[in-house]
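[1] Could you look at this predicted model? Sequence included:
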Amino acid sequence: MNIVVLIKPTPDVTKVRFDVERGVVDRSSAELEINQFDLYAVEVALLIKEVLGGSVTAVSMAPPQGERALRDAVARGVDKAILLTDGRFAGADTLATSYTLAAAVRKLGGYDLILCGEKSVDGDTAHVGPEVAEHLNVPHAAFVTRVVEVSSNKVVVESDYGDAYYLLELQLPALISLSRPVVFRDRVVEPRTPRLGDVLKARRARVEVWDAYYLADVADLEGFGLAGSATRVVRVFNVFEKDRNSITVSGEEGVDRILEVLRSRRLV
(Lines give C-alpha, C1' and ligand atoms only; values in the text may rest on other atoms or scores of the structure.)
Protein backbone atom coordinates (compact mmCIF):
# COMPACT_ATOMS: atom_id res chain seq x y z
CA MET A 1 0.00 0.00 0.00
CA ASN A 2 1.54 3.30 -1.12
CA ILE A 3 0.02 6.05 1.01
CA VAL A 4 0.42 9.79 0.58
CA VAL A 5 -0.48 12.06 3.49
CA LEU A 6 -0.88 15.77 2.86
CA ILE A 7 0.42 17.96 5.68
CA LYS A 8 -0.12 21.66 6.18
CA PRO A 9 2.34 23.29 8.56
CA THR A 10 0.38 25.91 10.46
CA PRO A 11 1.75 28.82 12.51
CA ASP A 12 0.85 29.80 16.03
CA VAL A 13 -2.09 32.11 15.27
CA THR A 14 -1.26 34.23 18.32
CA LYS A 15 2.19 35.08 16.92
CA VAL A 16 1.79 35.05 13.15
CA ARG A 17 1.84 38.30 11.19
CA PHE A 18 -0.36 39.23 8.24
CA ASP A 19 0.70 40.93 5.03
CA VAL A 20 -2.14 43.45 5.05
CA GLU A 21 -1.36 44.88 1.60
CA ARG A 22 -1.34 41.48 -0.14
CA GLY A 23 -4.01 39.93 2.05
CA VAL A 24 -1.97 36.81 2.90
CA VAL A 25 -0.52 35.18 6.01
CA ASP A 26 3.21 35.69 6.53
CA ARG A 27 3.99 32.08 7.42
CA SER A 28 7.66 32.89 7.97
CA SER A 29 6.78 35.02 11.00
CA ALA A 30 6.10 32.11 13.38
CA GLU A 31 7.25 28.53 13.84
CA LEU A 32 5.29 26.02 11.81
CA GLU A 33 3.91 22.78 13.22
CA ILE A 34 1.77 20.01 11.75
CA ASN A 35 -1.84 21.12 11.51
CA GLN A 36 -3.79 19.32 14.24
CA PHE A 37 -6.21 17.64 11.83
CA ASP A 38 -3.29 16.42 9.70
CA LEU A 39 -1.71 14.79 12.75
CA TYR A 40 -4.64 12.38 12.76
CA ALA A 41 -4.19 11.75 9.05
CA VAL A 42 -0.54 10.87 9.70
CA GLU A 43 -1.53 8.47 12.48
CA VAL A 44 -4.19 6.73 10.39
CA ALA A 45 -1.71 6.39 7.52
CA LEU A 46 0.77 4.71 9.87
CA LEU A 47 -1.91 2.37 11.24
CA ILE A 48 -2.87 1.33 7.71
CA LYS A 49 0.79 0.71 6.93
CA GLU A 50 1.07 -1.50 10.01
CA VAL A 51 -1.84 -3.61 8.73
CA LEU A 52 -1.10 -3.78 5.01
CA GLY A 53 2.58 -2.90 4.74
CA GLY A 54 3.93 -0.47 2.17
CA SER A 55 5.14 3.08 2.67
CA VAL A 56 3.91 6.51 3.74
CA THR A 57 5.02 9.69 1.97
CA ALA A 58 4.31 13.10 3.50
CA VAL A 59 3.87 16.05 1.13
CA SER A 60 3.67 19.64 2.26
CA MET A 61 3.46 23.00 0.50
CA ALA A 62 5.11 25.58 2.75
CA PRO A 63 7.98 28.03 3.09
CA PRO A 64 11.36 26.52 4.02
CA GLN A 65 10.41 26.62 7.71
CA GLY A 66 7.85 23.91 6.94
CA GLU A 67 10.68 21.38 6.93
CA ARG A 68 10.33 21.19 10.70
CA ALA A 69 6.80 19.79 10.43
CA LEU A 70 7.92 17.22 7.89
CA ARG A 71 10.74 16.06 10.15
CA ASP A 72 8.18 15.67 12.91
CA ALA A 73 6.19 13.41 10.57
CA VAL A 74 9.32 11.38 9.85
CA ALA A 75 9.95 11.01 13.59
CA ARG A 76 6.45 9.59 13.92
CA GLY A 77 7.10 6.93 11.27
CA VAL A 78 6.65 8.48 7.83
CA ASP A 79 9.06 6.97 5.31
CA LYS A 80 9.57 9.88 2.92
CA ALA A 81 9.08 13.65 3.14
CA ILE A 82 8.65 16.15 0.32
CA LEU A 83 8.55 19.92 0.78
CA LEU A 84 7.02 22.02 -1.99
CA THR A 85 8.52 25.46 -1.62
CA ASP A 86 8.88 28.25 -4.14
CA GLY A 87 7.96 31.92 -4.35
CA ARG A 88 5.54 30.96 -7.13
CA PHE A 89 3.46 29.00 -4.59
CA ALA A 90 2.97 32.02 -2.29
CA GLY A 91 -0.46 33.54 -1.79
CA ALA A 92 -2.35 30.50 -3.07
CA ASP A 93 -6.03 30.11 -2.29
CA THR A 94 -7.53 26.64 -1.85
CA LEU A 95 -7.84 26.11 -5.62
CA ALA A 96 -4.18 26.88 -6.31
CA THR A 97 -3.05 24.99 -3.20
CA SER A 98 -4.94 21.86 -4.20
CA TYR A 99 -3.66 22.18 -7.79
CA THR A 100 -0.06 22.28 -6.52
CA LEU A 101 -0.52 19.35 -4.14
CA ALA A 102 -2.23 17.30 -6.85
CA ALA A 103 0.67 18.02 -9.20
CA ALA A 104 3.10 16.71 -6.58
CA VAL A 105 1.06 13.54 -6.06
CA ARG A 106 0.92 13.07 -9.83
CA LYS A 107 4.69 13.53 -9.98
CA LEU A 108 5.14 10.86 -7.31
CA GLY A 109 2.98 8.37 -9.22
CA GLY A 110 1.97 4.91 -8.05
CA TYR A 111 -0.14 5.96 -5.06
CA ASP A 112 -3.04 3.94 -3.64
CA LEU A 113 -4.53 6.16 -0.95
CA ILE A 114 -4.24 9.86 -0.10
CA LEU A 115 -5.08 11.09 3.40
CA CYS A 116 -5.35 14.59 4.79
CA GLY A 117 -6.99 16.44 7.63
CA GLU A 118 -10.51 17.75 7.17
CA LYS A 119 -9.34 21.37 7.45
CA SER A 120 -6.58 23.55 8.84
CA VAL A 121 -6.73 25.48 12.07
CA ASP A 122 -5.70 28.69 10.27
CA GLY A 123 -8.04 28.33 7.29
CA ASP A 124 -11.07 26.25 8.24
CA THR A 125 -12.35 25.85 4.66
CA ALA A 126 -12.29 22.02 4.30
CA HIS A 127 -11.82 22.60 0.55
CA VAL A 128 -8.32 21.35 -0.17
CA GLY A 129 -8.77 17.58 0.23
CA PRO A 130 -11.79 17.26 -2.06
CA GLU A 131 -10.23 19.67 -4.55
CA VAL A 132 -7.04 17.59 -4.73
CA ALA A 133 -9.18 14.53 -5.48
CA GLU A 134 -11.02 16.42 -8.22
CA HIS A 135 -7.75 17.53 -9.81
CA LEU A 136 -6.59 13.90 -9.79
CA ASN A 137 -10.00 12.57 -10.85
CA VAL A 138 -10.17 10.01 -8.04
CA PRO A 139 -13.07 9.22 -5.67
CA HIS A 140 -13.02 10.92 -2.31
CA ALA A 141 -14.83 11.11 1.01
CA ALA A 142 -14.82 14.15 3.29
CA PHE A 143 -15.58 14.56 7.01
CA VAL A 144 -14.49 10.98 7.68
CA THR A 145 -14.99 10.03 11.32
CA ARG A 146 -14.23 6.32 11.01
CA VAL A 147 -12.14 4.12 8.74
CA VAL A 148 -14.16 0.91 8.83
CA GLU A 149 -12.16 -1.27 6.46
CA VAL A 150 -9.16 -0.91 4.20
CA SER A 151 -7.70 -3.42 1.77
CA SER A 152 -5.44 -3.43 -1.28
CA ASN A 153 -8.27 -2.32 -3.57
CA LYS A 154 -10.83 -0.41 -1.48
CA VAL A 155 -11.48 1.64 1.63
CA VAL A 156 -14.75 1.78 3.56
CA VAL A 157 -15.37 4.87 5.69
CA GLU A 158 -18.07 6.57 7.70
CA SER A 159 -18.58 10.29 7.07
CA ASP A 160 -20.46 12.79 9.21
CA TYR A 161 -22.21 15.35 7.00
CA GLY A 162 -24.05 17.00 9.86
CA ASP A 163 -27.58 15.90 8.97
CA ALA A 164 -26.67 12.23 8.48
CA TYR A 165 -23.88 9.66 8.60
CA TYR A 166 -22.88 7.98 5.36
CA LEU A 167 -21.15 4.63 4.92
CA LEU A 168 -19.04 4.93 1.78
CA GLU A 169 -17.00 2.38 -0.14
CA LEU A 170 -14.28 3.83 -2.38
CA GLN A 171 -12.26 1.94 -4.93
CA LEU A 172 -8.56 2.77 -4.84
CA PRO A 173 -6.85 5.01 -5.69
CA ALA A 174 -8.89 7.40 -3.58
CA LEU A 175 -8.63 10.30 -1.13
CA ILE A 176 -10.18 10.69 2.32
CA SER A 177 -10.10 13.77 4.55
CA LEU A 178 -10.33 13.01 8.25
CA SER A 179 -12.17 14.75 11.05
CA ARG A 180 -11.18 14.48 14.67
CA PRO A 181 -11.69 12.50 16.71
CA VAL A 182 -11.51 9.63 14.26
CA VAL A 183 -11.79 5.87 14.70
CA PHE A 184 -9.66 3.33 12.85
CA ARG A 185 -11.67 0.12 12.79
CA ASP A 186 -12.69 -0.05 16.48
CA ARG A 187 -9.86 2.02 17.88
CA VAL A 188 -10.06 5.71 18.74
CA VAL A 189 -7.05 7.30 17.09
CA GLU A 190 -4.57 9.32 19.11
CA PRO A 191 -1.45 10.69 17.40
CA ARG A 192 1.63 8.90 18.70
CA THR A 193 4.42 10.73 20.49
CA PRO A 194 7.78 10.38 18.74
CA ARG A 195 10.51 8.64 20.71
CA LEU A 196 13.74 10.54 21.35
CA GLY A 197 15.76 8.21 19.13
CA ASP A 198 13.32 8.73 16.27
CA VAL A 199 13.44 12.50 16.72
CA LEU A 200 17.23 12.46 16.50
CA LYS A 201 17.08 10.20 13.46
CA ALA A 202 14.55 12.50 11.78
CA ARG A 203 16.94 15.44 12.16
CA ARG A 204 19.36 13.62 9.86
CA ALA A 205 16.70 12.37 7.46
CA ARG A 206 16.52 13.68 3.91
CA VAL A 207 13.65 16.02 3.09
CA GLU A 208 13.24 16.37 -0.66
CA VAL A 209 12.63 19.93 -1.82
CA TRP A 210 10.62 20.46 -5.00
CA ASP A 211 10.16 23.85 -6.62
CA ALA A 212 7.64 24.96 -9.24
CA TYR A 213 9.88 24.06 -12.17
CA TYR A 214 10.25 20.50 -10.88
CA LEU A 215 6.49 20.14 -11.38
CA ALA A 216 6.45 21.84 -14.78
CA ASP A 217 6.06 18.53 -16.66
CA VAL A 218 2.84 17.69 -14.78
CA ALA A 219 1.33 21.13 -14.21
CA ASP A 220 0.94 24.62 -15.67
CA LEU A 221 3.10 27.14 -13.81
CA GLU A 222 0.28 29.66 -14.08
CA GLY A 223 -1.84 27.39 -11.88
CA PHE A 224 0.36 28.04 -8.84
CA GLY A 225 0.16 30.73 -6.17
CA LEU A 226 -1.61 34.03 -6.69
CA ALA A 227 -1.58 33.53 -10.46
CA GLY A 228 -3.64 30.36 -10.15
CA SER A 229 -5.98 31.60 -7.42
CA ALA A 230 -9.63 32.18 -8.21
CA THR A 231 -10.18 34.34 -5.13
CA ARG A 232 -8.44 37.34 -3.59
CA VAL A 233 -8.42 38.61 -0.02
CA VAL A 234 -9.45 42.24 -0.35
CA ARG A 235 -8.74 43.30 3.20
CA VAL A 236 -7.15 41.85 6.35
CA PHE A 237 -7.59 43.32 9.81
CA ASN A 238 -7.28 42.26 13.43
CA VAL A 239 -10.72 42.20 15.02
CA PHE A 240 -9.17 42.70 18.45
CA GLU A 241 -7.71 46.04 17.38
CA LYS A 242 -10.98 47.51 16.12
CA ASP A 243 -12.57 50.28 18.16
CA ARG A 244 -15.87 49.17 19.63
CA ASN A 245 -18.50 51.19 21.46
CA SER A 246 -19.78 49.33 24.47
CA ILE A 247 -22.93 49.81 26.46
CA THR A 248 -23.33 48.54 30.01
CA VAL A 249 -26.85 47.71 31.15
CA SER A 250 -28.30 46.08 34.24
CA GLY A 251 -31.61 45.22 35.79
CA GLU A 252 -34.98 44.93 34.10
CA GLU A 253 -34.52 48.18 32.20
CA GLY A 254 -31.50 46.62 30.51
CA VAL A 255 -33.70 44.57 28.17
CA ASP A 256 -35.52 47.69 26.99
CA ARG A 257 -32.21 49.47 26.45
CA ILE A 258 -30.81 46.56 24.40
CA LEU A 259 -33.93 46.48 22.22
CA GLU A 260 -33.71 50.23 21.73
CA VAL A 261 -30.11 49.96 20.50
CA LEU A 262 -30.89 47.03 18.21
CA ARG A 263 -33.86 48.87 16.68
CA SER A 264 -31.78 52.01 16.14
CA ARG A 265 -29.29 49.90 14.19
CA ARG A 266 -32.09 48.11 12.33
CA LEU A 267 -31.00 44.75 13.67
CA VAL A 268 -34.48 43.73 14.84
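    Nice, thanks for sending it over.
[2] Quick one: the strands in the stretch 101-250 of the chain, in order.
    Using DSSP state E, counting those that start in this stretch, the strands found in the stretch 101-250 of the chain span residues 113-117, 140-150, 154-160, 165-171, 174-184, 187-188, 207-210.
[3] Can you give the contact residues for the fourth one?
    Okay, so that is strand 165-171. Strand 165-171 is contacted by residues 139-141, 145, 148, 153-159, 176 when judged by C-beta atoms under 8 Å, 6 or more residues apart in numbering. In this view, the C-beta of every residue, glycine as well, is placed from N, C-alpha and C.
[4] And for the shortest one?
    Counting contacts by C-beta under 8 Å, 6+ apart, the residues outside strand 187-188 that touch it are 47, 181-182.
[5] next one: the first one
    Residues lying outside strand 113-117 but in contact with it, judged by C-beta under 8 Å, 6+ apart, are 1-8, 35-42, 44-45, 48, 105, 128-129, 132-133, 136, 138, 150, 155, 172-178, 180.
[6] Pull out the buried residues from those residues.
    1-8, 35, 37-42, 44-45, 48, 105, 128-129, 132-133, 136, 138, 150, 155, 172-178, 180 (16 or more other C-beta atoms under 10 Å).
[7] just to revisit the earlier point, quick one: closest of the strands of the stretch 101-250 of the chain to Q65.
    Q65 sits nearest to strand 207-210 of all the strands of the stretch 101-250 of the chain, at 12.0 Å, using C-beta to C-beta.
[8] ok so, going back, find the pair from the contacts of strand 165-171 with maximum spatial separation.
    Farthest pair in the contacts of strand 165-171, by C-beta to C-beta: T145 and N153, 22.7 Å.
[9] Of the two, give the one with the bigger neighbour count.
    T145 (16 against 9; other C-beta atoms under 10 Å).
[10] Roughly how far does that one sit from P194?
    25 Å (C-beta to C-beta, to the nearest Å).
[11] can you check D160 too?
    Distance, D160 to P194, using C-beta to C-beta: 29 Å.
[12] Also L167?
    34 Å.
[13] Which helix runs longest in this protein?
    helix 36-52 (DSSP state H).
[14] Name the residues that touch that one?
    1, 3, 5-8, 10, 34, 55-56, 58, 73, 76-78, 113, 115-121, 147, 150-152, 177-182, 184, 187, 189-192.
[15] What's the PyMOL line that selects buried ones from these?
    The buried subset of the contacts of helix 36-52, as determined by 16+ other C-beta under 10 Å, is captured in PyMOL by this line:
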select buried, resi 1+3+5+6+7+8+10+34+56+58+73+76+77+78+113+115+116+117+118+119+120+121+147+150+177+178+179+180+182+184+189+191
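[16] where does V4 fall, phi/psi-wise?
    Backbone torsions of V4, given as degrees, to the nearest 10, read phi -110, psi 130.
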